[in-house]
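Colleague: Mind looking at a prediction? Sequence and model below.
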Amino acid sequence: MEHRIKIKKIEHINHNVLHLVTDKPKGYIFKPGQATEVSIDKENWSGKKRPFTFTSLPEHKDLEFTIKVYPSHHGVTEQLEQLQVGDHLLIGDAWGAINYIGPGTFIAGGAGITPFIAIFKDLLQKDALEGNSLFFGNQKEKDIIYKNRLEAWLGDALHIALSEEQHEDYHKGFIDKAFLERNKVEVSEPVYLCGPPAMMEALQTDLYEMGMPKSVLVTEDLQ
């Protein structure tokens, strides 16, 4: 079912990430970690749907999205940057396999953090964030989405890796088997994985080599 929603707030939270707040259709439901197909309610754009994750919680009166923009692609995210308060988006029903099944390790790359933002918000509200850790890969420090918020929420349980920049506080390189083993990741507990397909494929191989059973992996299907 398609829903038309109005933008109530639109702002950059860093150089290439937008935060959008919209009204919420009556009776609309989703779980923390889920996404929906979004398009822009304008001529030539309403049929171009892209998946974006909710970074608000189901009980909030508004919907929120945190969206990485790619101006060089000349696509939907570039057009989103041009929108203003009062413009409309079109969304479908919520979908997605990422949902919380218990304390464990979250691994994200870039915009793959967005489903985990909603899950962390929900756990924080329930005073149940303890026991979870996050490994978050980015290119440079300026790319880290909600860095201050994640540091406040997770403290020493936050492990950031930068692939293209040296920084005294963060690991230089990619999140890989060696980095996970060095930080004593417990692969018998839930592992939540979201990021670019190449990263997810490589990490699934690493995690299985570390002895992770398929039953504890929470991720979207790569197929």
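Modeller: That came through, no problem. Residues are numbered from 1 along each chain as shown.

Colleague: drop to CA atoms for contacts and neighbour counts, all remaining ones
Modeller: Fine.

Colleague: residues touching residue 47, list them.
Modeller: For residue 47, the contact set (C-alpha atoms under 8 Å, 6 or more residues apart in numbering) comprises residue 39.

Colleague: quick one: contacts for residue 20?
Modeller: Contacts of residue 20 by C-alpha under 8 Å, 6+ apart are 7, 8, 9, 10, 11, 64, 65, 66, 67.

Colleague: tell me which of these is nearest to residue 82?
Modeller: Taking C-alpha to C-alpha as the measure, residue 82 lies nearest residue 10 of the contacts of residue 20, at 9.9 Å.

Colleague: Backbone dihedrals for that closest one, please?
Modeller: The phi and psi values for residue 10, taken as degrees, to the nearest 10, are phi -150, psi 130.

Colleague: quick one: which helix or strand includes the nearest residue to residue 94 once chain neighbours are set aside?
Modeller: Counting by C-alpha to C-alpha, 6 or more residues apart in numbering, residue 94 lies nearest to residue 36, which is 4.8 Å off, once chain neighbours are set aside. Using DSSP states H and E, residue 36 falls within strand 35-40.

Colleague: Does that strand pack against any helices or strands, and if so which?
Modeller: Under the contact criterion of 3 or more C-alpha pairs under 8 Å, 6 or more residues apart in numbering; DSSP states H and E, strand 35-40 touches strand 50-53, helix 76-80, strand 88-91.

Colleague: Pull out the CA atoms of the longest one and give them to me as PDB.
Modeller: What follows is helix 76-80 as a C-alpha-only set of coordinates in PDB (Å, rounded to 0.1, in the frame of the first residue of the first chain):
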ATOM      1  CA  VAL A  76      17.000   9.900  -5.900                       C
ATOM      2  CA  THR A  77      19.400  10.900  -3.100                       C
ATOM      3  CA  GLU A  78      20.600  13.900  -5.100                       C
ATOM      4  CA  GLN A  79      17.000  15.000  -5.600                       C
ATOM      5  CA  LEU A  80      16.200  14.600  -1.900                       C
END
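
Colleague: re the thing from before, then the strand holding residue 36 to PDB, C-alphas only?
Modeller: Presented in PDB, the C-alpha positions along strand 35-40 are these (Å, rounded to 0.1, in the frame of the first residue of the first chain):
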ATOM      1  CA  ALA A  35      12.900  -0.100   6.100                       C
ATOM      2  CA  THR A  36      10.500   1.000   3.400                       C
ATOM      3  CA  GLU A  37      10.600   1.900  -0.300                       C
ATOM      4  CA  VAL A  38      10.700   5.700  -0.700                       C
ATOM      5  CA  SER A  39      10.100   7.900  -3.800                       C
ATOM      6  CA  ILE A  40       9.700  11.600  -4.400                       C
END
